[in-house]
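> whatever this is, show me its structure:
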Amino acid sequence: MMDVYTPEILFSTFFGEASSNGTMLRLERDNLLWLAGLVYSDSLSVKENAFQREYGGEGSADAFLAHIQLVPPTNLYSTYFGGEWQDEVYSFELLDGGRLALYGSTRLETWPVTPGVYDSVLEGVQQADGFITIFAPPDTIVLSTFVGREFHDEITAGARSSDGSFVVAGTTKDEAFPTTHDAIDSIFGPNIEGETTDLFMARLSSNLTSLEYGTYLGGEDHEFINNLWIQNETTIWIAGGTQSNSFPVTPDALRPQINWWDFDGFISCIGLTTRIGERIPIIVPSNFSPFAFPNPFNPTTTLSFTLPQLTNVTLKIHDILGREVERVELGRKTAGAHEFKVDGDEWASGLYFATLETPVFARTQKLLLLR
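Numbering: from 1, shown residues only. Below you'll find the predicted structure:
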């Protein structure tokens, strides 16, 4: 005879004061959890040993962090993080030694950063920068850096790799977001009117002093990232939402086209390999890597790519509206490096998408024609 279990709510509670919400929790042990979120109130029940006891939002939100015991239910620790502008912890993880890695965004010029880190200055005026902050409760900032440039940048997901480096992802409105020479995509994607964002992914050293890798990700319209998971040192998964018809998908996608009327969810797997101490980014499969130079260009650019094996290759180029402006059957190509000259002499200025296709896989490179 099968045992019969009655579903029940094992624990549930309100938390916070006035307007607040929790955005992420992590279970530390069976009886302890950490909660982070944002709060629009000066009446959060903070503790005497809090890192920041005073609410700084003045009508905007502060981030908060709380440590909760479940049995008996007890608020062991809670603190504000932030100032007069909106600050938010979107994601965090538990590290060794009782430390926490906090990932989020802030408009606060005095957000606590530590000496010698990658970026110690909030660069945008009344614009958010992302942050990575290593916090040792109750009141110690171990390491902390901004990530971003002049316009709005938000880190919405992050994780620490097994080698100690930090991988973060999020959204940006910045055409100058820091990318590295080996970026999957070095061009800011949005090309429509209105408040548009592109996705980014970045990897910072374990001591937060250097940017090891930076790239844009995504297409021409609104996008966001909710989750990031490091499967291993060379494989990173991200998940979120997009309104971009040009969002990069692989030939074996569950659905290769977006639903036009609203956001679609997406899942993407990104590979990073290590060669002679340098990480080289790739979209799986790992050895198909087109690159355009110069880019931006006028009116010609050279598309370089490497093939892992003998295969047929087709080049398709689409404009920002998804219209095919050129198709070239490159034919049967041997394994190794190849180049093809792209001539945009008859095209209008703007953003284009060059897709190299084989029978097994495909890869899209953004091209920006500036006259």
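> the residue lying closest to F263 once chain neighbours are set aside sits in which helix or strand?
Leaving aside its chain neighbours, F263 sits nearest to G241 (4.1 Å; criterion: CB to CB, 6 or more residues apart in numbering). The way it works is simple: take the backbone N, C-alpha and C, and place the C-beta from them, glycine included. Using DSSP states H and E, G241 sits in strand 235-242.
> in terms of secondary structure, what does that strand contact?
The contact analysis (3 or more CB pairs under 8 Å, 6 or more residues apart in numbering; DSSP states H and E) places strand 235-242 against strand 198-204, strand 223-232, strand 264-275.
> buried residues in that strand?
Within strand 235-242, the residues that count as buried by 16 or more other CB atoms under 10 Å are I236, I238, G240, T242.
> got a list of what the second one touches?
Taking CB atoms under 8 Å, 6 or more residues apart in numbering as the definition of contact, the neighbours of I238 are A157, A169, L199, M201, L217, I225, N227, L228, W229, I267, S268, I270.
> and what of G322?
Contacts of G322 (CB under 8 Å, 6+ apart): N245, S246.
> SS state for it?
coil (DSSP: H, G, I helix; E, B strand; the rest coil).
> confidence score at the residue nearest to P73 when sequence neighbours are not counted?
In space, and not counting its chain neighbours, P73 is closest to T13: 6.4 Å by CB to CB, 6+ apart. We have a pLDDT of 85 for T13.
> pLDDT-wise, which helix or strand of the protein ranks last?
strand 278-283 (a mean of 46; mean pLDDT, DSSP states H and E).
> and the residue nearest to F263, bridged to which residues?
F224, G265 (DSSP bridges).
> OK, contacts around it?
Contacts of G241 by CB under 8 Å, 6+ apart are E223, F224, N226, F263, D264, G265, F266.
> now tabulate the residues you listed in JSON lines and tack on distance to K333, neighbour count and pLDDT.
Formatted as JSON lines, the contacts of G241 follow (distance: CB to CB, whole Å; neighbours: other CB atoms under 10 Å; pLDDT from 0 to 100):
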{"residue": "E223", "distance to K333": "33", "neighbour count": "23", "pLDDT": "87"}
{"residue": "F224", "distance to K333": "37", "neighbour count": "19", "pLDDT": "90"}
{"residue": "N226", "distance to K333": "38", "neighbour count": "15", "pLDDT": "92"}
{"residue": "F263", "distance to K333": "37", "neighbour count": "16", "pLDDT": "83"}
{"residue": "D264", "distance to K333": "33", "neighbour count": "17", "pLDDT": "88"}
{"residue": "G265", "distance to K333": "35", "neighbour count": "9", "pLDDT": "91"}
{"residue": "F266", "distance to K333": "30", "neighbour count": "23", "pLDDT": "92"}
